[in-house]
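Engineer: prediction below, plus the sequence it came from.
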Amino acid sequence: MNLSTGIIFCFLILGVSSQRWGTFLKEAGQGAKDMWRAYRDMKEANYKGADKYFHARGNYDAAQRGPGGAWAAKVISNARENIQGITDPVLKGMTRDQVREDSKADQFANEWGRSGKDPNHFRPPGLPDKY
C-alpha cells in the first residue's frame, strides 16, 4: 500500500471530514513531535522512576493538539509498547510477566496523559524542573 492510499484509508477509518484533513495531519505531526520531545527528555534526564511521567507527558502534550495529536500519541504509544514487548526480554532480560506488567503500567500512564489528566501525577520527587 503506498503512502497516499494509506492516508486516505486512515481518513476513511477515522471519519475525518474533507475540510479537516489538513488540520488533522498538522495536529498529528505536532503530536508526533511532542512524543519525540518527551522521549528525548526521558533519555536525557536518565532519571530512575521517571518513565511513567514521560509517557504521560508526551501523550498529554500530543493530545492537547487536538484529535490528530491524540491519534498520533495512541499509534506511537502502542507501537512502542509492541516493540518493547519483543526487545525487552532480550535487551533487558525481563520475563514475559515483567514485560506484561511494565507495558500495562506504561499504557495506564499513556491513557492518563491522553485523557487530559495532569502528567505530574507520575512525576518522581527530585526530577529537575527542566522536565
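Structural biologist: Looks like it came in fine. The model shown is predicted, which means the values in this text are computed figures rather than measured ones.

Engineer: following the helix-or-strand element of the chain with minimal mean pLDDT, which helix or strand shows up next?
Structural biologist: In the chain, no helix or strand scores lower on mean pLDDT, DSSP states H and E than helix 3-14, which sits at a mean of 61. Using DSSP states H and E, the next helix or strand after helix 3-14 towards the C-terminus is helix 21-45.

Engineer: quick one: distance of the next helix or strand after that next one to the chain centre.
Structural biologist: Using DSSP H and E, the helix or strand that follows helix 21-45 in sequence is helix 51-63. Helix 51-63 has its C-alpha centroid displaced from the chain centroid by 6 Å (Cα atoms, centre = their mean, to the nearest Å).

Engineer: low-confidence ranges, this protein, go.
Structural biologist: Regions of the chain meeting the criterion pLDDT under 70 cover residues 1-19.

Engineer: what's near enough to touch residue 110?
Structural biologist: Counting by Cβ atoms under 8 Å, 6 or more residues apart in numbering, residue 110 makes contact with 55, 56, 59, 73, 74, 77. Just so you know, the C-beta spots here come from the backbone N, C-alpha and C atoms, and that holds for glycine as well.

Engineer: ok, now with 6 Å
Structural biologist: 55, 59, 77 (Cβ atoms under 6 Å, 6 or more residues apart in numbering).

Engineer: now render these as CSV, adding distance to residue 34 and neighbour count.
Structural biologist: Shown next, in CSV, are the contacts of residue 110 (distance: Cβ to Cβ, whole Å; neighbours: other Cβ atoms under 10 Å):
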residue, distance to residue 34, neighbour count
55, 12, 29
59, 8, 32
77, 12, 22
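
Engineer: looking at those residues, which is nearest residue 126?
Structural biologist: Closest approach to residue 126 among the contacts of residue 110 (Cβ to Cβ): residue 55, at 18.4 Å.

Engineer: so that closest one makes contact with residue 108?
Structural biologist: No - look at residue 55 against residue 108 with Cβ atoms under 6 Å: they stay out of range, at 8.8 Å.
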